[in-house]
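Engineer: Okay, here's the prediction I keep looking at, along with the sequence it came from:
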Amino acid sequence: MGIFTFEDESTSTVAPARLYKALVKDADTIIPKAVEAIQSVETVEGNGGPGTIKKLTLIEGGETKYVLHKIEEIDEANLGYNYSIVGGVGLPDTVEKITFETKLVEGVNGGSIGKVTIKIETKGDAKPNEEEGKAAKLLLLIIQSVNKLQFQ
């Protein structure tokens, strides 16, 4: 098994607390509106806290796929949210899971900086390829898409 780690940042004009609310608390309704490829988010196990598993259904290349999203940790006080993609048709065969450790911090002019550490845990000696990289960038796409929404 190999673990490959990537770090990235994304900026938003939305204040950290509001963006966190959208991405964590209201995600099930906002994400399908903000990200065209994601059709639905449904809880399949748990109560919304750590250990909860959600099914994200998406359309990619005209095909309907899904991934299973497991909440690992919610740190509301520090605007942190950690989760893993643990299964589904959208998870490549060579990957055991993809873990996202995210945190929002204050950015310029009242905006946010989304910091993410992505860990791809592969099966056997497999190395991440372009497909795994695309899956790992999903969170950054979501943050950028939510930034385009008008918050009240």
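Structural biologist: Arrived safely.

Engineer: Angles on the backbone of Thr29, please.
Structural biologist: Thr29 has phi and psi values of phi -100, psi -30 when expressed as degrees, to the nearest 10.

Engineer: Does Val105 touch Ala17 like I think?
Structural biologist: No: applying Cβ atoms under 8 Å as the test, Val105 and Ala17 come out as separate, 11.3 Å apart. For every residue, glycine as well, the C-beta is placed using N, CA and C.

Engineer: Now for those two: what residues contact both?
Structural biologist: Residues touching both Val105 and Ala17 (Cβ atoms under 8 Å, 6 or more residues apart in numbering): Leu79.

Engineer: Which residues does the helix or strand containing Val86 contact?
Structural biologist: Per DSSP states H and E, Val86 falls inside strand 80-87. Identification of contacts with strand 80-87 by Cβ under 8 Å, 6+ apart yields 20, 23-24, 53, 67-75, 91, 97-104, 135, 138.

Engineer: Looking at stretch 115-124 now, give me its mean pLDDT.
Structural biologist: Stretch 115-124 carries an average pLDDT of 86.

Engineer: In CSV, could you pull the C-alpha coordinates for that stretch?
Structural biologist: Extracted in CSV, the C-alpha atoms of stretch 115-124 (Å, rounded to 0.1, in the frame of the first residue of the first chain):
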residue,chain,number,x,y,z
LYS,A,115,-6.5,24.7,2.7
VAL,A,116,-6.6,21.0,1.8
THR,A,117,-4.3,18.1,2.2
ILE,A,118,-5.2,15.2,0.0
LYS,A,119,-4.0,11.7,0.8
ILE,A,120,-4.4,9.0,-1.8
GLU,A,121,-4.1,5.5,-0.3
THR,A,122,-3.5,3.0,-3.1
LYS,A,123,-3.8,-0.8,-3.1
GLY,A,124,-0.6,-2.8,-3.3
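
Engineer: outside of it, which residues touch it?
Structural biologist: With Cβ under 8 Å, 6+ apart as the criterion, stretch 115-124 contacts 1-10, 93-105, 128, 132, 136, 139-140.

Engineer: Which residue ranges of the chain form strands?
Structural biologist: With DSSP state E, the ranges of strands along the chain come out as 2-12, 38-45, 53-60, 63-75, 80-87, 95-106, 112-122.

Engineer: Ok, which of the ones you listed comes nearest Asp28?
Structural biologist: Set against Asp28 and scored by Cβ to Cβ, the strands of the chain come closest in strand 38-45, at 4.4 Å.

Engineer: Appreciated, that's everything.
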